[in-house]
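Colleague: sequence first, predicted coordinates after that:
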Amino acid sequence: MKELNRTNHTVPKKKVRILQFGEGNFLRAFVDWIIQQMNNKGLTDAGVVIVQPTPTGRINEIASQDGLYTLCLEGIDDGKSVQKREIIDVVSDVCDPYTQYAKFLELAENEDLETIISNTTEAGIALDKTDTDFSVCPKSFPGKMLAFLKARYDHFNGDKNKGLAIVPCELIDHNGDELKRILIELARINGMDEAFIDWITSANHFTNTLVDRIVPGYPKDNAEAICNETGFHDVNIVKGEVFHLWVLQKEPFVQEKLPADKAGLNVIYADDITPYKQRKVKILNGSHTAMVPVAYLCGIDTVREAVEDEDVGRFIRELVNDEIKPTIDLPANEMDAFANSVFDRFMNPFIRHELMSIALNSTTKFVTRLLPTYKYHLERFGSAPKHILFAFAALTVFYRGRRGEEVIALKDDEKYLRFWNELWQLSDCEDIARKALSASDIWGCDLCTDDNVRQVAGHIKAITENGMRTALKAFLGDEI
């Protein structure tokens with residue numbers, strides 16, 4: 001079997017027109033696939049350079065195959081079973097800014113560069129006021145972005161024609177606006193001149209976006225069979241569902257550089273992406289985030305198994321129908337149809353979506369995906385949503401880091417891991433609940449009411465003493 005590289009699979013390299021922060025499964029199965037389709041249809045002629053946004057990642061594996069990898073799209077489309085295999089060839093180069101900082105800054109001098117795309121998870125677009133040493137690779141994603149833009153500004157002497165389309169894909173509200181706001185604040189913290197700050201805002205074109213495709217990642221169960229099909233040994237295979245949706249706020253420059261809406265894809269340039277975002281983030285991502293600790297601590301490993309499980313499936317459906325849908329201002333029939341489509345996608349027979357792949361940065365995901373529903377529900381109905389409080393208790397126990405005798409490989413920001421570790425030095429369930437709920441610096445608000453403490457402490461006690469399955473059944477009111 002041949003190695004997958006540009007010697008054994010000859011394709012011309014494209015001019016690098018896109019800088020991509022993030023080498024993870026989602027960007028490779030979603031954005032890079034969309035770029036491939038635009039290239040295939042002659043709408044663009046774009047190569048991508050991938051920048052690794054954290055000190056550890058997969059760019060070495062990607063580089064070992066000259067940027068090539070196999071994408072497998074599987075699911076039900078128009079009632080028909082679909083299985084597609086495609087070698088994605090848009091990645092022209094990779095860069096680790098932590099070890100190749102000079103190369104990273106040199107990429108800013110590229111005359112052909114048009115677009116920056118990112119997906120650094122919800123935790124990525126955040127201000128780090130200590131990011132002040134630009135002689136080495138900045139710590140935060142906005143810090144790296146600022147260093148890159150400053151290098152481009154300096155190289156081209158502030159030429160406003162050298163501005164870029166900036167398209168973040170992180171699942172936070174108004175992601176483009178928020179990234180721009182943080183860049184400006186960080187530039188002022190670093191004493192950068194106002195002419196450069198003006199260039200950030202006037203020469204560059206930020207847009208807000210919403211992305212939607214379930215991407216379970218590397219198909220470890222059938223990777224060998226896929227390699228036999230393609231004839232190439234490939235350590236970077238990525239699997240995703242057939243369904244895809246990309247909604248971008250209308251911005252003429254961005255639309256010109258990324259004409260994906262003309263490629264026959266489910267890509268929309270909309271005046272307002274808010275309704276699309278609320279529906280998707282609250283229902284699909286919110287149920288994912290609530291599902292992970294509940295299902296995983298029940299001994300379940302995948303999304304499909306979770307939704308098909310009698311107890312976990314009922315919990316998730318009740319969460320969506322009783323607590324999430326009433327907070328979205330769209331017609332009930334539209335909400336019902338979308339929720340049902342989400343459950344169908346969760347049960348895609350071709351997709352093995354590991355819960356632990358969703359568990360990355362679960363602390364921040366709880367804030368962005370479930371707390372908006374909690375707050376709206378509390379304001380509108382005068383009571384805290386009980387399923388979200390149970391999910392909060394489950395999250396707290398999940399971060400204890402044990403499933404029976406098994407150690408859970410927790411992956412989160414170090415400060416959050418320290419918080420959860422310190423919390424579990426406590427032994428009393430009420431103390432644990434109170435400390436967890438009162439961490440307003442994490443949640444952005446104080447969740448510590450007497451009733452919330454009572455409920456969450458009771459759930460923590462039930463989960464830790466009797467196990468998640470028994471605690472869940474009791475919560476659902478089932479006989480045990």
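Modeller: Happy to help now that I have it.

Colleague: now do the same contact list for Pro326.
Modeller: 377, 380-381 (CB atoms under 8 Å, 6 or more residues apart in numbering). All C-beta spots, glycine's among them, are computed from the backbone N, C-alpha and C.

Colleague: so which of the residues you listed is surrounded by the most neighbours?
Modeller: Per-residue neighbour counts (other CB atoms under 10 Å) across the contacts of Pro326 peak at His377, which has 21 neighbours.

Colleague: give me the pLDDT value at it.
Modeller: Here the pLDDT value assigned to His377 is 93.

Colleague: so Val49 is in contact with Val90, correct?
Modeller: No. Between Val49 and Val90 there is no contact under CB atoms under 8 Å: 10.2 Å.

Colleague: more neighbours, those two?
Modeller: With neighbours defined as other CB under 10 Å, Val49 and Val90 compare such that Val90 has more, 28 against 20.

Colleague: adding distance to Asp177, write the contacts of Pro326 out as a markdown table.
Modeller: Output for these, formatted as a markdown table (distance: CB to CB, whole Å):
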| residue | distance to Asp177 |
| --- | --- |
| His377 | 26 |
| Arg380 | 26 |
| Phe381 | 30 |
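
Colleague: would you check how far apart Gly57 and Pro97 are?
Modeller: Gly57 sits 11 Å away from Pro97, going by CB to CB, to the nearest Å.

Colleague: name the residue in these two with the higher neighbour count.
Modeller: Shown here are Gly57 and Pro97; by other CB under 10 Å, Pro97 has more neighbours (23 against 18).

Colleague: circling back: among the contacts of Pro326, which lie within helices?
Modeller: Counting by DSSP state H, the contacts of Pro326 place 377, 380-381 in helices.

Colleague: who's in contact with Ile50?
Modeller: Ile50 touches 20, 22-23, 59, 62, 67, 91, 93-95, counting by CB under 8 Å, 6+ apart.

Colleague: please identify, among those residues, the one with the most neighbours.
Modeller: When neighbours are counted by other CB under 10 Å, Val91 leads those with 29 neighbours.

Colleague: can you give me the strands in the stretch 201-350 of the chain?
Modeller: Taking DSSP state E, counting those that start in this stretch as the criterion, the stretch 201-350 of the chain contains strands spanning 205-206, 209-212, 232-233, 238-241, 245-249, 267-270.

Colleague: TSV for these, including distance to Arg434?
Modeller: Output for the strands of the stretch 201-350 of the chain, formatted as TSV (distance: least, CB to CB, whole Å):
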stretch	distance to Arg434
strand 205-206	40
strand 209-212	36
strand 232-233	53
strand 238-241	41
strand 245-249	40
strand 267-270	43
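
Colleague: ok so, going back, between Val49 and Val90, which contacts overlap?
Modeller: Ile18.

Colleague: which one of the contacts of Ile50 sits closest to Phe338?
Modeller: The closest of the contacts of Ile50 to Phe338 turns out to be Gly22 (CB to CB; 27.0 Å).

Colleague: before we move on, what SS does Cys445 have?
Modeller: At Cys445, secondary structure determined by DSSP: H, G, I helix; E, B strand; the rest coil is coil.

Colleague: that one: neighbouring residues, count only.
Modeller: The burial count for Cys445: 11, using other CB under 10 Å.

Colleague: which residues touch it?
Modeller: By CB under 8 Å, 6+ apart, the contact set of Cys445 is 371, 375.

Colleague: quick one: the helices in the stretch 251-400 of the chain?
Modeller: Under the criterion DSSP state H, counting those that start in this stretch, the stretch 251-400 of the chain contains helices at 252-257, 274-279, 286-297, 303-308, 310-318, 332-346, 355-358, 362-369, 371-381, 386-398.

Colleague: most packed of these?
Modeller: helix 286-297 (a mean of 26; mean count of other CB atoms under 10 Å).

Colleague: packing partners of it?
Modeller: helix 303-308, helix 310-318, helix 355-358, helix 362-369, helix 386-398, helix 468-476 (3 or more CB pairs under 8 Å, 6 or more residues apart in numbering; DSSP states H and E).

Colleague: mind putting the ones you listed into TSV with distance to Lys103?
Modeller: Output for the helices and strands packed on helix 286-297, formatted as TSV (distance: least, CB to CB, whole Å):
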stretch	distance to Lys103
helix 303-308	38
helix 310-318	45
helix 355-358	30
helix 362-369	30
helix 386-398	39
helix 468-476	47
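
Colleague: sounds good, over and out.
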